[in-house]
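>>> With the sequence up front, the predicted model follows.
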Amino acid sequence: MLKVYQISNDRICEAQDGEGPIHLYCGPQKPELKSLVDDYKLDEHTLSSALDPDEISRLEFEPDHVAMIIKRPRNYSMVDELLFKVTSIGLFMFKDKIIIVMPEDIQIFELESRPALKLKNLTDVMLKIIYGTISHFLWHLKAINQISDSLEQKINTSMENKYLLNMFTLEKSLVYFLNGITYNSMLFEKMKINAVKIGFSPEELEVLDDIIIENNQCSKQAEIYTNILSSLMDARASIVNNNLSLLIKRLTIINVVFLPLNFFAGVGGMSEFSMMTRFVPWWISYPIFTATMLLIAVFTYLFVSKIGYENRVRRERKKIVKSKQK
């Protein structure tokens with residue numbers, strides 16, 4: 001699908017008459033790709049690389065245009081199940097035209113540029129698009145961090161592997177993001193080296209320096225999030241195992257509490273109990289039997305609860321504290 005834009009009042013707006021220097025192709029089909037190769041002499045391999053999500057960022061100089069492949073986050077979909085992916089965008093810079101090729105429809109012109117940039121020419125448009133990639137990475141990193149915090153709270157009380165697998169998926173997403181940001185960093189450095197060849201003015205070169213700084217900060221942030229997730233994954237897995245162990249312990253205590261009750265109920269039985277208490281009114285014998293069973297259950301629970309390594313350590317600590325106080 002082709003969209004045509006133009007620069008008006010230092011902003012990018014859609015061209016109503018279909019005539020403009022900015023051509024945006026979203027998910028182009030074979031006829032459009034053939035037209036780009038035939039009419040604008042775009043390299044077929046570079047054009048296919050712009051639609052390949054696994055392609056790395058790079059800068060190439062052709063006789064009549066400059067070609068760039070930039071990494072950018074994909075639009076998140078619920079089908080991805082917390083897997084944030086990275087895609088590629090192709091920028092083909094001519095003297096009087098810029099062609100943008102993307103595998104999917106991504107908002108690239110609605111972002112506010114920081115550093116502030118007034119759009120005067122096509123080079124400014126290219127810089128705005130480049131900065132937009134950094135902003136998208138930062139927004140996605142923020143979303144991943146918020147999802148990670150939410151999953152951590154669920155893992156603390158969970159006994160399932162579902163949330164743990166979600167954390168692994170986020171860690172995988174951060175690896176993709178870190179690779180994409182690193183590839184872009186190398187591209188920006190190469191653009192700075194070839195600034196004269198590309199046609200950057202001194203003001204635009206200053207903007208490129210700011211973009212490089214922003215991208216480095218984004219890379220550091222992605223690296224920090226990746227290290228935190230990877231370093232704490234073992235701890236979070238231990239939390240899930242510990243929660244399961246505590247549940248098994250509680251169920252075991254409940255089972256042990258009912259063992260003596262089952263024994264006395266089985267030995268006495270209804271007929272034997274009635275025979276033993278035939279000279280005692282039922283409204284006295286049954287309450288006594290019930291109270292006896294409750295006392296046995298409470299005694300068994302207290303006895304079993306005090307058995308265990310944790311309780312022994314707790315008692316030893318109390319003894320040490322008392323001895324120090326004396």
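Received the coordinates, thanks. Residues are numbered from 1 along each chain as shown.
>>> Specify the residue ranges that define each domain of this structure.
Structural domains assigned to the chain are 2-242, 243-325, following automatic domain parsing.
>>> quick one, which of the ones you listed is packed in tightest?
domain 2-242 (a mean of 16; mean count of other CB atoms under 10 Å). Quick note: C-beta positions are derived from backbone N, CA and C, even for glycine.
>>> Can I get the domains of the chain in JSON lines including mean pLDDT?
Formatted as JSON lines, these follow (pLDDT from 0 to 100):
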{"stretch": "domain 2-242", "mean pLDDT": "85"}
{"stretch": "domain 243-325", "mean pLDDT": "72"}
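>>> my read: Val175 touches Leu229, true?
No: using CB atoms under 8 Å, Val175 makes no contact with Leu229, being 9.7 Å away.
>>> Now do the shared contacts for those two.
Between them, Val175 and Leu229 share no contacting residue under CB atoms under 8 Å, 6 or more residues apart in numbering.
>>> in the stretch 101-250 of the chain, which spans are helices?
Counting by DSSP state H, counting those that start in this stretch, the stretch 101-250 of the chain has these helices, from start to end: 122-155, 162-193, 195-198, 202-276.
>>> between these, which one is nearest to His45?
helix 162-193 (17.4 Å; CB to CB).
>>> Any idea how far the closest one is from the middle of the chain?
11 Å (CA atoms, centre = their mean, to the nearest Å).
>>> the inter-axis angle of it versus helix 122-155?
160 degrees (axes from the mean of the first three to the mean of the last three CA atoms, to 10 degrees).
>>> which residues are contacting stretch 68-76?
Stretch 68-76 is contacted from outside by 46, 49-50, 53, 55-60, 84-93, 104-106, 126, 129-130, 132-133, 136-137, 140, 143, 177, 179-181, 183-184, 187, 191, using CB under 8 Å, 6+ apart.
>>> What of stretch 83-90?
Taking CB under 8 Å, 6+ apart as the rule, stretch 83-90 contacts 46-47, 49-53, 55, 57, 67-74, 76, 99-104, 106, 108, 129, 133, 140, 143-144, 169-170, 172-173, 176-177, 179-180.
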